[in-house]
Each structure stands twice: as structure tokens, then as C-alpha cells.
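> Just a sequence and a predicted model for now, questions to come.
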Amino acid sequence: KAGVTQTPRYLIKTRGQQVTLSCSPISGHRSVSWYQQTPGQGLQFLFEYFSETQRNKGNFPGRFSGRQFSNSRSEMNVSTLELGDSALYLCASKLLATGDSTNEKLFFGSGTQLSVL
Amino acid sequence: SQQGEEDPQALSIQEGENATMNCSYKTSINNLQWYRQNSGRGLVHLILIRSNEREKHSGRLRVTLDTSKKSSSLLITASRAADTASYFCATGAITGNQFYFGTGTSLTVIP
């Protein structure tokens, strides 16, 4: 079974531009979450999607948005990039099954390293 | 913030020694998980302990959970150079579906 795939692996943008990151979850996984990781802040939760609906959202400005498609693939978009948006963006998928917490573990992709100049 | 915190932030030990790292969290939880991250890569799930469990083992890993103190510890026995990585705890809240990650412990195992 293929793991979580994130593209691109590296991205360099300039301030003011926008960027779209892609995530393909493990086949059969319907929940996709996004995290921002920076050296000073650790992993910060951005949002989670399930069945094309955003279920949870972290404390990030509206410049950060996402969506999920019917095949569970997800994209996140950051508009009007700022220097502080430079980070490793991680996507994680989860097999959602009620009543069994062993299925709550997250499977992470390798991330997209975004540098904003 | 509802994030957990790992302690220590950094740990350096000799190969063969045991490594212990701790995690404190703030909210009531359904489960607590530990993940490992090699430099610049994604996180890999190590072990999950439910809120009604006190201790769990998996290979060289031993996890304890004290819900009254809202804390957990991860013990790696007989460490190897390949264990060099950052370790994060993640708490699954009783309500909602998001996980809160700690700030991580950076472990260096010296051969």
C-alpha cells in the first residue's frame, strides 16, 4: 500500500505570491489533516478534512485554506505569502473507524518544505 | 495553547544507554501517542496508549501514562545510533478530531 504522498517536496516563493500544496492519503483513508512545522513553534494544526468537509480548523489566518476532493486527495493554499510562512508543511491521513482508537494513529507524508524569500 | 510539552528539549546519550523523555499535556484525552521524526521528514507513529491504560510496551519502547498528572513518559531501552531523531507526543482530545503535538525532544545517540 502506498504511503501518504505530498507534492512538491520543496518550494521557493517570494512574498506576496500564493502557493498550493497537494496531499494524496493512503488508499481508504478518508481523513486528512495539515500541520505547519517550524523550529520555534513545533507542529501547529492547520485543519482537518473528512469526506470533503472541513471538520476542524486551527488558529491560522484566513490566508490559509484547504479543500478535499471526492477521492480524499487534499490541497492547501496559502495566499499573500509572508516570510513567516516558511516552514515544513505536513499532511497526515487517518483511517476513520468509530469505536476503535487503534485506528486513530496518523500516517504522515514527507512534507513540503516551503521557503518564502 | 493546548499543546503538550516534551521534556527535555534535547537529550544526548551513549549507544546502549536508556533514553527517557516526558510529555505533559493540558486537556482530558482519549489517547496519547508518540511519534518519531527523522530530520526534515514526516513523523512515524511509534505507540498509542489509551486513557484507561497505565503502561504499554512495544519492543524496546515503554510508555507510561498518568492521567491524574496529565503526563506521559517514553523510555527507549538499549538505544542505538539509528534512534537519533526527534520524538513527539500527541494527544487525542475526547471531543473533536484533532491531535495536539508537543514541541518535541531531540535525541542524539552517540555510537
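Noted; the coordinates are in hand. Quantities reported herein were computed from a predicted structural model and do not represent experimental measurements.
> what residues are up against residue B:101?
A:35, A:42-43, A:45, B:3-4, B:35, B:88-90 (C-beta atoms under 8 Å, 6 or more residues apart in numbering or on different chains). C-betas here are computed from N, CA, C, even on glycine.
> who wins for neighbours among the residues you listed?
residue B:89 (30 neighbours; other C-beta atoms under 10 Å in any protein chain shown).
> Residue A:37: what's it in contact with?
A:43-44, A:87-90, A:111.
> can you count the residues close to the closest residue to chain A within chain B?
Closest approach between chain B and chain A, counting by C-beta to the nearest C-beta: residue B:42, at 3.5 Å. Residues contacting residue B:42 under the criterion other C-beta under 10 Å number 22.
> Looks like it contacts residue A:4 (just checking).
Yes - assessed by C-beta atoms under 8 Å, residue B:42 is found in contact with residue A:4 at 7.3 Å.
> Excluding residues flanking it in the chain, which one is nearest the residue located most distally from the centre of chain B?
Using C-alpha atoms, centre = their mean, the residue of chain B lying farthest from its centre is residue B:111. It sits 22.3 Å away. Counting by C-beta to C-beta, 6 or more residues apart in numbering or on different chains, the nearest residue to residue B:111 once its immediate chain neighbours are dropped is residue B:81, at 4.6 Å.
> now do residue A:83
Closest to residue A:83 by C-beta to C-beta, 6+ apart is residue A:116, at 5.4 Å.
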